[in-house]
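Participant: the sequence and its predicted three-dimensional model are supplied below.
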Amino acid sequence: LRVHDLKSGKIYWLTDGARARDPDITRDGKWIVFTEASDGSVDLAMARLTTRGGELRLEGKRKIVDAAPGDRIANPKFSPDQKSIVFAWKKEGQLSEGLY
């Protein structure tokens with residue numbers, strides 16, 4: 001994941017080698033959820049957003065769903081009350097993905 005600071009024009013990495021994508025941030029800007037490819041699957045991860053030295057940083061990244069090999073999670077979104085995350089999950093061997 002990359003950050004583009006609209007004020008300064010600076011672009012920098014938020015993750016390093018994580019193969020992360022599909023980010024969504026809570027309305028209060030404190031949490032980020034995203035997908036992360038690893039070991040033949042795409043998992044769901046979450047972290048706290050903090051600012052250090054004027055740049056956004058991830059703290060306490062943790063995997064929320066450790067998908068099985070061949071499974072793919074996509075498009076996570078926080079619910080309006082920020083208490084839940086909705087995402088698509090394509091499980092290996094199934095024709096279509098489901099919402100979770």
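Facilitator: Nice, thanks for sending it over.

Participant: for this protein, what helix or strand is lowest in average pLDDT?
Facilitator: Counting by mean pLDDT, DSSP states H and E, the weakest-scoring helix or strand in the chain turns out to be strand 98-99, with a mean of 92.

Participant: just checking: what are the partner strands of that one?
Facilitator: strand 85-90 (antiparallel) (DSSP bridges).

Participant: about what we covered before: show residues contacting the least confident helix or strand of the chain.
Facilitator: With contacts defined as Cβ atoms under 8 Å, 6 or more residues apart in numbering, strand 98-99 is touched by 86, 87, 88, 89, 91. No exception for glycine: its C-beta is placed from N, CA and C like everyone else's.

Participant: give me the nearest residue to the last one, chain neighbours excluded.
Facilitator: When you say that, I think you mean residue 91. Distances taken as Cβ to Cβ, 6 or more residues apart in numbering put residue 71 closest to residue 91, at 5.1 Å, once the chain neighbours are dropped.

Participant: wait, doesn't residue 56 sit right on residue 3?
Facilitator: Yes: using Cβ atoms under 8 Å, residue 56 is in contact with residue 3, at 5.3 Å.

Participant: joint contacts of these two?
Facilitator: Common neighbours of residue 56 and residue 3 (Cβ under 8 Å, 6+ apart) are residue 14.

Participant: any idea how far the residue nearest the centre of the chain lies from residue 8?
Facilitator: Nearest to the geometric centre of the chain sits residue 34, at 0.8 Å (Cα atoms, centre = their mean). Distance, residue 34 to residue 8, by Cβ to Cβ, to the nearest Å: 23 Å.

Participant: and the least confident helix or strand of the chain, how far out from the chain middle?
Facilitator: Chain-centre distance of strand 98-99: 17 Å, with Cα atoms, centre = their mean, to the nearest Å.

Participant: same check on stretch 6-14?
Facilitator: Relative to the chain's own centre, stretch 6-14 is displaced by 19 Å; criterion: Cα atoms, centre = their mean.
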